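Participant: Next input, structure requested:
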Amino acid sequence: MAPMINVSNETLKTLNPSVYTIVNTSNDSDFIYIPSINLNVAKQRTYLGKNWSQSHKALQENGERMLTIPEFIEVLKYTKENHKDIYDEITQIKNPWRAEWLDADFKADGSNIRINSNHIYKNKTLTPATSEILDSNTLIKDKTLGISLEDYLQNPTKQGLPSNKTKSGSLYYWAPMRDDNSVAHFVAYSVRAGLDCGVGPSVGDSCLGVRAVSSLRE
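Facilitator: Numbers count the residues shown, from 1 in each chain. Take a look at the predicted model:
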């Protein structure tokens, strides 16, 4: 059996996995436990400046992964009641500009749109473990006059998107696109907050990061 050692995240990249059994040593205090989804989720965004694909790769190398949209909804619901500082950091309309990637990729499928999620790297290719046609109740047009964040969190589609019955409000929403080059992120800054499902995966910014799901489970 290979020897087991504990190492820092920086050292992880230098070790040969055929020689060592690598253990993720993320500090438990860096994560909060979300009971409804039985996951430990990072309190802060990491891998700032990386694009969507690079973020997936960095997370996987550290034994972590990206939040899906339904999981992100549960994080918002839980932090609103239990960690208001984290909820406000994600959603509050204020400076500085903040954004975080979500594990959702959209592709045209005939007259429909397909949502791909739970991506992992296989043979150097980012591959979705889940692929579904969008729910027929999904809101598929932009709502830049806004939807209600509260109503959205309580009544999303099964894939975590706003439904076409979502009430009006102040949360901007950019619907999934059919360009085969769109992924999701949540963004907030001094003018607006919103769920954007039409951003290009190659986008990168120093204020755009990802909220890791730890491999550590309760």
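Participant: what about the helices in the protein?
Facilitator: Ranges of helices in the chain, per DSSP state H, are 9-12, 52-61, 69-82, 84-91, 149-154.
Participant: could I get those helices as a markdown table with distance to S163?
Facilitator: Every residue, glycine included, has its C-beta placed from N, CA and C. Shown next, in a markdown table, are these (distance: least, Cβ to Cβ, whole Å):
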| stretch | distance to S163 |
| --- | --- |
| helix 9-12 | 39 |
| helix 52-61 | 25 |
| helix 69-82 | 13 |
| helix 84-91 | 19 |
| helix 149-154 | 8 |
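Participant: Of those, which is nearest K124?
Facilitator: Smallest distance to K124 across the helices of the chain (Cβ to Cβ): 9.4 Å, for helix 52-61.
Participant: CA atoms of that closest one as CSV?
Facilitator: Output of helix 52-61 as CSV, limited to C-alpha atoms (Å, rounded to 0.1, in the frame of the first residue of the first chain):
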residue,chain,number,x,y,z
TRP,A,52,-14.5,28.2,-16.2
SER,A,53,-12.4,25.3,-17.6
GLN,A,54,-9.3,26.2,-15.7
SER,A,55,-11.4,26.5,-12.5
HIS,A,56,-12.7,22.9,-13.0
LYS,A,57,-9.2,21.6,-13.5
ALA,A,58,-7.7,23.4,-10.4
LEU,A,59,-10.6,22.2,-8.3
GLN,A,60,-10.2,18.6,-9.4
GLU,A,61,-6.5,18.6,-8.8
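Participant: now what about that helix, what contacts it?
Facilitator: Contacts to helix 52-61, defined as Cβ atoms under 8 Å, 6 or more residues apart in numbering, come from residues 12-13, 47, 50, 65-66, 101, 103, 119-121, 126, 183, 185, 201-204, 209-210, 212.
Participant: Run through the residues that contact the closest residue to E150 other than its chain neighbours.
Facilitator: The shortest distance from E150 to any residue other than its chain neighbours is 7.3 Å, reached at G169 (Cβ to Cβ, 6 or more residues apart in numbering). The neighbours of G169, taking Cβ under 8 Å, 6+ apart as the test, are G146, I147, S148, L149, E150, D151, Y152.
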